[in-house]
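[1] got a predicted structure plus its sequence, pasted below:
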Amino acid sequence: MLATRNRDMVRVRYGNGKGAVAITLRIWLSSAGAATVQVMRLLRENPDGVDVTVYASNVDPSAAALSVCDVSAIEPRYVGNEEYAQFALDFCRTHRIDVLIPPRRLDALAGRAADFAAIGTSLMCSPPAAVRALTSKVRTYESAGAAGIPVPPWREATDADEFYAAVDELSRGGETLCIKPSGEYSAFGFRILDDRPLTLASLRVAPRPVASVEAVAGALRRAAEEGESVPPLLVMPFLEDPEISIDCLSAPGGELLVGIPRAKQGRFRMLLDDPEVVDIARRLVRHFELAYLTNVQLRYRAGQPVLLEANPRPSAGLFHTAFADINLPWAAVRLLLERDTGLRRPPRLGACLAVAEAVMEVTPHADQAPDGLRRSADLVPG
């Protein structure tokens with residue numbers, strides 16, 4: 001069964017059986033990035049044949065997702081948690097949203113499920129404690145390590161002296177080190193620490209995100225001298241390929257229902273049948289009591305899988321799970337609304353995928369095209 005509002009709250013049974021009622025389910029993908037274009041397709045092509053209207057929003061008017069959704073909106077930029085939560089509540093009330101799936105601003109929305117339910121919207125979000133823990137890599141590693149989940153050695157540094165001490169300690173085993181911001185910044189700020197001089201051989205291959213120890217320490221010193229706020233940096237070993245990204249669907253309380261691992265190496269993805277990495281994800285999901293669509297990332301150290309990071313949100317590559325013959329976004333919607341995923345068979349694993357570039361036409365607002373395109377257009381003779 002599926003709960004939704006179409007003027008009045010109605011409940012309908014899935015399928016084409018006698019007496020089935022046609023309904024439209026309004027789903028809002030907030031902070032919708034480019035990868036949600038594929039998620040929209042999966043929601044529309046759901047196996048239950050439910051009609052879906054997709055709403056999408058982004059702070060960037062030229063975001064690709066806004067060109068392929070049914071109803072688009074611009075989100076407020078640089079607002080606090082209370083202002084963003086109020087924006088979300090007002091949007092859901094105005095558009096009579098049935099389901100809100102937020103990949104960002106979870107700290108503003110977690111714990112507000114009752115507020116959204118009061119206006120008829122079901123919020124797909126993990127609990128506030130999980131969001132707080134997993135939006136800091138330090139808190140993630142501390143809590144996961146204490147629970148017996150394998151984590152790499154790490155140290156936190158907020159100034160040049162702490163950074164030097166962390167590098168000195170962790171480099172004694174001969175491993176290459178890397179740094180990354182402790183907060184949730186995607187891959188921004190990640191650098192491999194490499195003091196070797198540049199060689200011609202390195203110029204003939206794809207560039208790597210490297211920085212010398214002295215360069216990083218110098219940046220920390222200058223920031224301190226200029227009174228600039230320095231986000232905590234994590235210093236840790238640069239872990240071995242392949243990276244394993246496990247897309248998880250779990251029930252509230254942390255019961256893993258489905259875990260689909262993807263090995264990522266270059267342009268290729270392999271859907272793995274690997275109980276060991278799924279078990280690590282299961283233990284982590286249970287420990288943090290994650291709910292609905294989340295993601296666990298692992299890499300290898302000395303041949304053993306260890307935690308890279310965990311996200312209390314769906315991954316950008318969630319749509320790859322369709323190649324396992326499972327519509328995971330729709331299963332999550334069913335779980336949220338009816339406590340039943342509708343899944344009756346295990347995922348098909350073992351497929352090898354290649355990531356290829358795709359191009360799509362977008363329709364940005366006339367006066368809000370991307371800056372580079374606007375400048376280029378100005379140079380074209382009329």
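    Received, thanks. Residues are numbered from 1 along each chain as shown.
[2] rest of the way, CA atoms for contacts and neighbours
    Fine.
[3] buried stuff in stretch 253-267?
    Residues of stretch 253-267 classed as buried: Gly253, Gly254, Glu255, Leu256, Val258, Gly259, Ile260, Pro261, Arg262, Ala263, Lys264 (neighbour count, 16 or more other CA atoms under 10 Å).
[4] from those residues, which land in strands?
    Glu255, Leu256, Val258, Gly259, Ile260, Pro261, Arg262, Ala263, Lys264 (DSSP state E).
[5] what residue is smack in the middle of the protein?
    Ser315 (3.6 Å; CA atoms, centre = their mean).
[6] rewinding a little: ok, the ones in strands among the buried residues of stretch 253-267 vs Pro232, which is closest?
    Of all these, Pro232 sits closest to Lys264, with 27.5 Å by CA to CA.
[7] picking up where we left off before, quick check, the residue nearest to the centre of the chain in a helix?
    No: secondary structure of Ser315 (DSSP: H, G, I helix; E, B strand; the rest coil): coil, not part of a helix.
[8] if I pick it, what's in contact with it?
    Asp247, Thr294, Asn295 (CA atoms under 8 Å, 6 or more residues apart in numbering).
[9] assign a three-state SS to the second one, would you?
    Here Thr294 is strand, with the state taken from three-state DSSP.
[10] circling back: what's the farthest-apart pair in the buried residues of stretch 253-267?
    Gly253 and Lys264 (28.9 Å).
[11] then stretch 266-278 to CSV, C-alphas only?
    Extracted in CSV, the C-alpha atoms of stretch 266-278 (Å, rounded to 0.1, in the frame of the first residue of the first chain):
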residue,chain,number,x,y,z
GLY,A,266,39.0,4.6,-13.2
ARG,A,267,36.0,4.5,-15.5
PHE,A,268,34.9,1.0,-14.5
ARG,A,269,32.5,-0.2,-11.8
MET,A,270,32.0,-3.8,-10.7
LEU,A,271,28.9,-4.8,-8.7
LEU,A,272,30.5,-7.1,-6.2
ASP,A,273,29.2,-10.2,-4.5
ASP,A,274,31.4,-9.7,-1.4
PRO,A,275,29.8,-10.7,1.9
GLU,A,276,32.8,-9.3,3.8
VAL,A,277,32.4,-5.7,2.7
VAL,A,278,28.6,-5.9,3.1
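[12] that one: how far from the chain's middle?
    Put simply, stretch 266-278 sits 18 Å off its chain's centre (CA atoms, centre = their mean, to the nearest Å).
[13] what's the answer for stretch 35-50, then?
    From the chain centre to the centre of stretch 35-50 is a distance of 18 Å (CA atoms, centre = their mean).
[14] and the strands in the stretch 251-382 of the chain?
    For the stretch 251-382 of the chain, applying DSSP state E, counting those that start in this stretch gives strands covering 255-265, 268-271, 292-301, 304-311, 352-354.
[15] okay, the first one in CSV with CA atoms only?
    It stands for strand 255-265. What follows is strand 255-265, C-alpha atoms only, in CSV (Å, rounded to 0.1, in the frame of the first residue of the first chain):
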residue,chain,number,x,y,z
GLU,A,255,18.5,-2.9,10.0
LEU,A,256,20.3,-3.3,6.6
LEU,A,257,17.8,-4.6,4.1
VAL,A,258,19.9,-4.3,0.9
GLY,A,259,23.6,-3.5,0.4
ILE,A,260,25.0,-3.3,-3.1
PRO,A,261,28.8,-2.9,-3.3
ARG,A,262,30.4,-1.1,-6.3
ALA,A,263,34.2,-1.4,-6.8
LYS,A,264,35.3,1.8,-8.4
GLN,A,265,38.5,2.0,-10.4
